[in-house]
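Student: How does the following fold in three dimensions:
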Amino acid sequence: MKKIMMGFLVMLSLTLGGCSGSEAIKKTWQVEDASQNTYTMEINDNEIILTGSAGDEKKAYSQNAVGTSSANKYYGLLIDRKQYSIVFPEKGNDDVALFLKMTIDDGDYSSGDLVYAMHAKDTPSYIEYVEKYLK
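Tutor: Predicted coordinates:
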């Protein structure tokens with residue numbers, strides 16, 4: 001029984017450690033940062049492509065968490081050994097999202113520093129997102 005349980009835990013760890021992104025986050029986003037620079041962010045299975053006036057920046061990622069916190073869906077991402085999350089702050093609306101850099105490793109994927117305001121259709125306002133979602 002112990003061997004079966006150990007085998008299951010090893011398989012679970014391997015599966016979670018290298019997961020590709022969930023369908024909810026895999027799309028092309030319009031994003032804005034704190035300096036009010038706007039970009040297009042494309043999230044694929046294991047790569048994020050940020051396109052702006054300076055060209056493309058590509059980053060590999062793995063999804064390592066998914067869940068809800070205070071009725072908000074979140075997806076944990078590991079990028080360059082740093083923990084980030086994408087949080088959907090409006091229940092039932094997958095067009096509005098927050099791209100957060102976690103500052104404390106406490107497992108709370110819905111808190112951290114806002115890196116990008118994200119919207120699937122329109123250019124978002126970083127300042128408005130801070131005022132509306134991060135009070």
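
Student: where's the residue nearest to the spatial centre of the chain, which helix or strand?
Tutor: Nearest to the centroid of the C-alpha atoms of the chain, with distances taken as C-alpha atoms, centre = their mean, sits residue 86, at 2.7 Å. Using DSSP states H and E, residue 86 maps to strand 82-88.

Student: so what's the residue nearest to residue 75 when sequence neighbours are not counted up against?
Tutor: Ranked by C-beta to C-beta, 6 or more residues apart in numbering and with sequence neighbours excluded, the top spatial neighbour of residue 75 is residue 86, at 4.8 Å. Where you see a C-beta, it was placed from the backbone N, CA and C, and this is true even at glycine. Taking C-beta atoms under 8 Å, 6 or more residues apart in numbering, we find residue 86 in contact with 25, 74-75, 77, 97-100, 118.

Student: ok, these vs residue 34, which is closest?
Tutor: residue 99 (11.5 Å; C-beta to C-beta).

Student: need the contact list for the closest one.
Tutor: 31, 41, 84-86, 114-118.

Student: Out of these, the closest to residue 58 would be?
Tutor: Nearest to residue 58 among these, with distances taken as C-beta to C-beta, is residue 41, at 11.0 Å.

Student: Can I take it that the closest one is in a helix?
Tutor: No - read with DSSP: H, G, I helix; E, B strand; the rest coil, residue 41 is strand and lies in no helix.

Student: follow-up on the earlier one: possible to save the contacts of residue 99 as a markdown table with pLDDT and distance to residue 126?
Tutor: Formatted as a markdown table, the contacts of residue 99 follow (pLDDT from 0 to 100; distance: C-beta to C-beta, whole Å):
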| residue | pLDDT | distance to residue 126 |
| --- | --- | --- |
| 31 | 98 | 9 |
| 41 | 98 | 13 |
| 84 | 96 | 16 |
| 85 | 96 | 17 |
| 86 | 97 | 15 |
| 114 | 97 | 7 |
| 115 | 98 | 9 |
| 116 | 98 | 8 |
| 117 | 98 | 4 |
| 118 | 98 | 10 |
